[in-house]
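**Student:** this is a predicted model, with the sequence first.
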Amino acid sequence: MKPATPQRAGSPRRVLPLRRARAQRGATAVEFALVFPLFFAILYAIITFSLILVAQQNLTLAAEEGARAALNWQSNTSLQTALTNRGNAACAAAKLVAAKLVQSMQCTPSSSTCGPGGAMQCVNVLLTYNYQANPIVPVLPLLGIVVPKSLSSSATVQLNPENIQ
């Protein structure tokens, strides 16, 4: 057996890993600086589109509740005033149900004949939210291409003319 030779303090085996570590020290910061904007943009897009979907779902719920409120009897003098009053009640109910997220929505009630042979009356509640004018979160420059300009939802309820007045 050969005796082990002691390594010198300045041995190349120890110096090379230290030099490599010093040379790589700034590479991690550069890689992070290159990758962080991409990860941030992806996370921001996920948050933005999640909030858009929440707002759309809330508009849908508010439109449905407004249409249900149109089923309630309203004081009236004629068929047309009954439909107008029910449409106004529908918008009032929709605004009560809407979350603060979409409080600046616009409600448009309308009525028309519907059903087989036009025998029924329909009350339609249309809710629109101008997302471009009132974004929930600020839109990043390139993300503005795919973000919708407005959100809308509508619901319709069918009424028997015999039960309207």
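**Tutor:** It's in.

**Student:** verify the stated contact: Val123 with Pro109.
**Tutor:** Yes. With contacts counted by Cβ atoms under 8 Å, Val123 reaches Pro109, the gap being 6.5 Å. Any C-beta I mention is one placed from the backbone N, CA and C, and that applies to glycine too.

**Student:** and the top helix by length along the chain, what does it pack against?
**Tutor:** As assigned by DSSP state H, the longest helix anywhere in the chain is helix 12-69. On a contact count with 3 or more Cβ pairs under 8 Å, 6 or more residues apart in numbering; DSSP states H and E, helix 12-69 meets helix 79-97, strand 120-130, strand 150-159.

**Student:** what's the most buried one of these?
**Tutor:** Among those, strand 120-130 has the highest mean neighbour count (mean count of other Cβ atoms under 10 Å), at a mean of 21.

**Student:** that strand vs helix 12-69, what angle?
**Tutor:** 150 degrees (axes from the mean of the first three to the mean of the last three Cα atoms, to 10 degrees).

**Student:** using the three-state scheme, assign the nearest residue to Ala82 once chain neighbours are set aside.
**Tutor:** Closest residue in space to Ala82, ignoring its immediate chain neighbours: Asn76 at 3.6 Å, by Cβ to Cβ, 6 or more residues apart in numbering. Look at Asn76: counting by DSSP: H, G, I helix; E, B strand; the rest coil, its state is coil.

**Student:** so who does Asn76 touch?
**Tutor:** Going by Cβ atoms under 8 Å, 6 or more residues apart in numbering, Asn76 touches Ala82, Asn85, Ile164, Gln165.

**Student:** so where's this structure shaky on pLDDT?
**Tutor:** For the chain, the stretches with pLDDT under 70 are 1-23.

**Student:** grab the most central residue of it for me.
**Tutor:** Geometric centre of the chain, nearest residue: Ile52, 1.0 Å, by Cα atoms, centre = their mean.

**Student:** how much space separates that residue from Ala29?
**Tutor:** Applying Cβ to Cβ, to the nearest Å, the value for Ile52 to Ala29 is 35 Å.
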